[in-house]
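In: No sequence on hand, only this structure:
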């Protein structure tokens, strides 16, 4: 009887460890689909990288997804952007920085990065005319 009482908890612990390892290696379906899309782009030379580099990056992203390393930074990214605006000396510069950070973005990594457009209109008073003698 003692023998079975020691084997059952050990067997349960071993099954839990194997189960956890298997679930950690499972690829989420959306990550696998993303990998297939990236691989297709690589094979059709639809990227700026060489085929070998592109495939290596796609594999690395898939592995990172399996490990849970690919996450959406969410509020941490916007907090970081807001903190960078604190480097400006004047309140006007800080406000302009905040406005740039909060504007909608466009672009993509394959297109060269995230593009932010900012238009600032500054009215400069005309110089007073000088009188000639």
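Out: That came through, no problem. Predicted model, so just to flag it, every value in this text is computed and none were measured.

In: What residue, apart from its backbone neighbours, is nearest residue 57 spatially?
Out: Once flanking residues are discounted, residue 57 sits nearest to residue 49: 7.0 Å by CB to CB, 6 or more residues apart in numbering. No exception for glycine: its C-beta is placed from N, CA and C like everyone else's.

In: and the one you found, which of the three is it?
Out: coil (DSSP: H, G, I helix; E, B strand; the rest coil).

In: from what I can see it touches residue 55, true?
Out: No: between residue 49 and residue 55 there is no contact under CB atoms under 8 Å: 9.1 Å.

In: How about the contacts made by residue 101?
Out: Shown in contact with residue 101 (CB atoms under 8 Å, 6 or more residues apart in numbering): 78, 81, 82, 84, 85.

In: picking that back up, what do residue 49 and residue 55 both touch?
Out: Common neighbours of residue 49 and residue 55, using CB under 8 Å, 6+ apart, are residue 42.

In: hang on, the earlier thing: so what's the residue count around the residue nearest to residue 57?
Out: 14 (other CB atoms under 10 Å).

In: So what's the residue count around residue 38?
Out: Applying other CB under 10 Å, we find 19 residues neighbouring residue 38.

In: what helices or strands is the helix or strand encompassing it leaning on?
Out: Assigned by DSSP states H and E, residue 38 falls within helix 29-43. With contacts taken as 3 or more CB pairs under 8 Å, 6 or more residues apart in numbering; DSSP states H and E, helix 29-43 sits against helix 51-67.

In: what's the nearest residue to residue 59 if we skip its chain neighbours?
Out: residue 35 (7.8 Å).

In: Let me know the distance separating that neighbour from residue 116.
Out: Distance, residue 35 to residue 116, by CB to CB, to the nearest Å: 29 Å.

In: Which one's more surrounded, the two?
Out: Using other CB under 10 Å, the more surrounded residue of residue 35 and residue 116 is residue 35, with 17 against 13.

In: wait, doesn't the more buried one sit right on residue 62?
Out: Yes: using CB under 8 Å, residue 35 is in contact with residue 62, at 4.4 Å.

In: Understood, closing this out.
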